[in-house]
Each structure stands twice: as C-alpha cells, then as structure tokens.
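got a predicted structure here, sequence first:
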Amino acid sequence: MRVIVVGGGVVGTMHAWQAVERGHEVVQIEREAEARGASLRNFGQIWVSGRAGGEELATALRARELWERIGAEVPGLGFRAIGSLTPVRNAREHAVAEAAVARPDAAARGYGLVTAAEARGINPALRGDFEAALWCERDAAVEPRTAQLHLREALRATGRHTFLPGREVREVVGAGAVRDDHGDVHRGDAVVLATGAWLSGLVRELVSDLPVRRVRLQMMQTAPLGEALTTSVADADSFRYYPAYASPALDELNAGQPQEPVAAAHAMQLLMVQRRDGGLTIGDTHEYEHPFAFDTLEDPYEHVTAVAESFLGRPLPRIRHRWAGVYAQCTDTTRVVHRQQVADGVWLVTGPGGRGMTCSPAIAETTANELGW
C-alpha cells in the first residue's frame, strides 16, 4: 500500500509512522520547510492525568504506551516518564485533589496525594510554599521542537518514507490522489490530511461546515534552571481546565476561590516542563475569539512567572523565548479528534486540541485500523 500524508506535524508524522510500521510506503508532504505549528509550540507533555474518562482517557493511555515504545526505538525523542505534580495550597484546592484520587480510574491515571515533604522528595526543585500535591505518575514528556525530526530520521532509514517539504497540497484530483502547488500529482491507496490548524484552502473546499475551531495560546521558555525539575508541574488552575477534575469539590473551588483576574481573562493555568537543555517551558493562555490578536501580551507572562517562582521558591532564569501558537480543537470538546472521509480515498484528521502531542500515536493507530492498513 502507498499512503500520502499531508502535514508534517506530530499527528501527520504519527500517521506516517503507523503506515511504515505496517509495511507500507509513505509520501509525507509539508507546506513549510519544516512543521512550524502547534506540534512544536507546545510543552512536549504526554498528559494523561487531566483527560476525561471513556474514549479520551483510553486514547491517552494507549498513546502513553506507544510513546514509551517509540521512545525506546527513537532515543532522540527524549521520552521521559517523569510524572507530574500539582501543588495545592489550601483546603479547597486540597479537596479537589482528594476527589481526583477517589475516582474509580485513579489507579489507571497514576494518581496519588502526597505531602509537601513527599512532593519535594519527588521533585527537590519545589522549594516554595504549598501543603500537598497531586502526583500523577503516568504523565511523561518528549522534546517537541525536535520530535518530528527524529521520527522522520527513523522513518527515512526504513527506505519506505519520503518527505517533501515546501509543497502545499491544493487539490484532490482523483481517488487517493492530490496535486501540490508545484503541479505534481501524488497518488496512493489512501490520503490522510493531517493539516493541524490550517483549516483554509483545500480543507475548507472539502468540508465547508467543519466542526473544529482554532485556539491561540502564549508560552515562553527560560535559560537553564541549573538543577533538575524532575517532574512536570501544574497549578490548581489546571483543575478548572481539565475535565478529569470535575467534582463537587471543584464546584466549591470555583465558587469560593475565583481565579486571579489576569488568569480568568486569559483562561490560564500554569504548566511547566523542563527541556533537555535545562530550560523551562512555561505557559499557558487560551484565546477562542476570532480574529486573534497578532501581538503577545505581558500580563499573562507576569502571572505565570509569579506562580512558577512561588512553587520553585526562587526567581526564574532569564526568559529566552516568548511565542504564540494556534491549534485546532473540535467544537465538541468531548471528542478526541475529528476524523472524516472527505473524498474518495481521502480522510481528514484534525481537531485534537491540546491533546495532539499526548494522543497522536493512538489517534494514528485508530486511523490505520479503521482504514484497514
């Protein structure tokens, strides 16, 4: 079988991985010289802990297994089974963590409630003030800015993968066939459009009422911390954002402890992950109303800096990078992804939202299974 994958991000690359792993030939087409979207502009978290139950949790858990297996095959991914800690500072936040640990699926998620001393034993860099922490053992991390490069190197080594950058697919010209902006036609037994947040052009022509929206976020990265941050770190605002934490305790937190005004205005939470070079990736915000602003705002950065420093008990290193990114999310946020046949032999796979990095291996596996690869 010959598979055409349109899109060089993590979802497209994992579809290429699935096809090559099953013995097929893949041509992967990317409109940029390298993928530049949400697949690079993210935390690199394999984030199981906050996922809703049912299909979303099952997808995240399966993806976590696949990431670990692929990470063993491709060491350059930087897969690390580091887990995550969410420090809590008062009774309301503590109650939400307790409710999470009491969930029937808590063991599958790797949940545990630890004291502040135990949290510092797991992650000695957390020297700030907090009374306990939610420990999520199943969470992990990879290096987002280089993951696709290392995956493609491994794919190329099989002799069954061809990467064509700098080409925008403009037209479906037959069953399993597309034409790019160089005028070249690429024919296969199946075409997967994994175009991420690029929902205009060909995608709009094929699906005029796509149930997917775009979301913008801001993030930043520091110089090396100078010590190991041995887990990912979140704050209690993440309880408000992730569906796994829904509970009467969360209702009480929302009612009795509103977010800081800046955090509420920008739909914020703290997430913080250390990169292999020692720097910290920190965010984030969420903007849903179009048109998106073209500039980045300082107030959100100041807020996450203050929260991060309060957990670390020390000033952050110098900020080296600030950026904004856009990802595609299903308008029905309970859906893991939008997968649709849009023409004969052509399927669109988009809209995983902030789950793209986490769930992409399992999303691609499901596509391969459904298409009979």
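Thanks, I have the structure now. Residues are numbered from 1 along each chain as shown.

residue 244: what's it in contact with?
Neighbouring residues of residue 244 by C-beta atoms under 8 Å, 6 or more residues apart in numbering: 49-53, 57, 100, 103, 109. No exception for glycine: its C-beta is placed from N, CA and C like everyone else's.

can you list contacts of the strand or helix carrying residue 299?
Using DSSP states H and E, residue 299 sits in helix 298-312. Taking contacts as C-beta under 8 Å, 6+ apart, the residues outside helix 298-312 that touch it are 87, 125-130, 218, 220, 233, 235, 260, 262-263, 266, 268, 270, 272, 280, 282-285, 315-316, 319, 322.

of the contacts of residue 244, buried ones?
Neighbour-count burial (16 or more other C-beta atoms under 10 Å) applied to those gives 49-51, 57, 100, 103, 109.

where do the helices of the stretch 1-150 of the chain begin and end?
Using DSSP state H, counting those that start in this stretch, the helices of the stretch 1-150 of the chain run over residues 10-21, 55-73, 91-101, 106-109, 116-122, 144-157.

right, and those helices - which one's nearest residue 366?
With distances scored as C-beta to C-beta, the stretch of these nearest to residue 366 is helix 55-73 (7.7 Å).

the inter-axis angle of that closest one versus helix 10-21?
Helix 55-73 and helix 10-21 are oriented at 60 degrees to each other (axes from the mean of the first three to the mean of the last three C-alpha atoms, to 10 degrees).

hmm, back to that, just the helices of the stretch 1-150 of the chain: most buried one?
When the helices of the stretch 1-150 of the chain are scored by mean count of other C-beta atoms under 10 Å, the highest mean neighbour count falls to helix 10-21 (a mean of 28).

what comes into contact with that one?
Here helix 10-21 has contacts from 1, 3, 5-6, 25-26, 28, 30, 35, 39, 70, 144, 147-148, 151-152, 155, 158, 160-161, 192, 194-196, 349-350, 352, 356-357, 360-361, 363-365, 367-368, 373, using C-beta under 8 Å, 6+ apart.

what is the neighbour count of residue 113?
Using other C-beta atoms under 10 Å, residue 113 has 18 other residues around it.

identify the residues contacting the nearest residue to it once chain neighbours are set aside.
Excluding the flanking residues, the one nearest residue 113 by C-beta to C-beta, 6 or more residues apart in numbering is residue 101, at 4.9 Å. Contacts for residue 101 were tallied using C-beta under 8 Å, 6+ apart; they are 111-113, 134.

could you rerun that using 7 Å?
Going by C-beta atoms under 7 Å, 6 or more residues apart in numbering, residue 101 touches 111-113.

repeat that for residue 236.
Per C-beta under 7 Å, 6+ apart, neighbours of residue 236: 86, 88, 93.

please enumerate the strands of the stretch 151-300 of the chain.
In the stretch 151-300 of the chain, the strands defined using DSSP state E, counting those that start in this stretch lie at 161-165, 169-174, 177-180, 185-187, 190-193, 212-222, 232-234, 271-274, 280-283.

okay, the ones you listed in a markdown table with mean pLDDT next?
Formatted as a markdown table, those follow (pLDDT from 0 to 100):
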| stretch | mean pLDDT |
| --- | --- |
| strand 161-165 | 98 |
| strand 169-174 | 96 |
| strand 177-180 | 98 |
| strand 185-187 | 98 |
| strand 190-193 | 98 |
| strand 212-222 | 97 |
| strand 232-234 | 98 |
| strand 271-274 | 98 |
| strand 280-283 | 97 |
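
which one of these lies nearest to residue 255?
Of all the strands of the stretch 151-300 of the chain, strand 232-234 comes closest under C-beta to C-beta, at 21.2 Å.

for that closest one, packing partners?
strand 84-88, strand 271-274 (3 or more C-beta pairs under 7 Å, 6 or more residues apart in numbering; DSSP states H and E).

what's the most buried one of the ones you listed?
Neighbour counts (mean count of other C-beta under 10 Å) averaged over each of the helices and strands packed on strand 232-234 peak at strand 84-88, with a mean of 28.

give the pairing partners of it; include direction for each.
strand 132-136 (antiparallel), strand 232-234 (parallel) (DSSP bridges).

so for residue 95, what's the nearest residue that isn't a sequence neighbour?
In space, and not counting its chain neighbours, residue 95 is closest to residue 249: 4.0 Å by C-beta to C-beta, 6+ apart.

contacting residues for that neighbour?
Contacts here follow C-beta under 7 Å, 6+ apart; on that basis residue 249 touches 95-96, 99.

got these as CSV, with distance to residue 15 columns?
Formatted as CSV, these follow (distance: C-beta to C-beta, whole Å):
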residue, distance to residue 15
95, 42
96, 36
99, 37
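
identify the bridge partners of residue 191.
With DSSP bridges applied, residue 191 shows beta-bridge pairing to residue 4, residue 346.

now do the contacts for it.
The neighbours of residue 191, taking C-beta under 7 Å, 6+ apart as the test, are 4, 6, 176, 178, 345-346.

confirm residue 320 sits in a strand?
Yes. Applying DSSP: H, G, I helix; E, B strand; the rest coil, one finds residue 320 inside a strand.

measure it to residue 224 for me?
Using C-beta to C-beta, to the nearest Å, residue 320 is found at 9 Å from residue 224.

now the common contact residues for the two.
residue 279.

the closest residue to residue 357 other than its chain neighbours and residue 91: what is the separation?
Distances taken as C-beta to C-beta, 6+ apart place residue 42 nearest to residue 357, at 5.1 Å, with adjacent residues excluded. Using C-beta to C-beta, we find residue 42 at a distance of 33 Å from residue 91.
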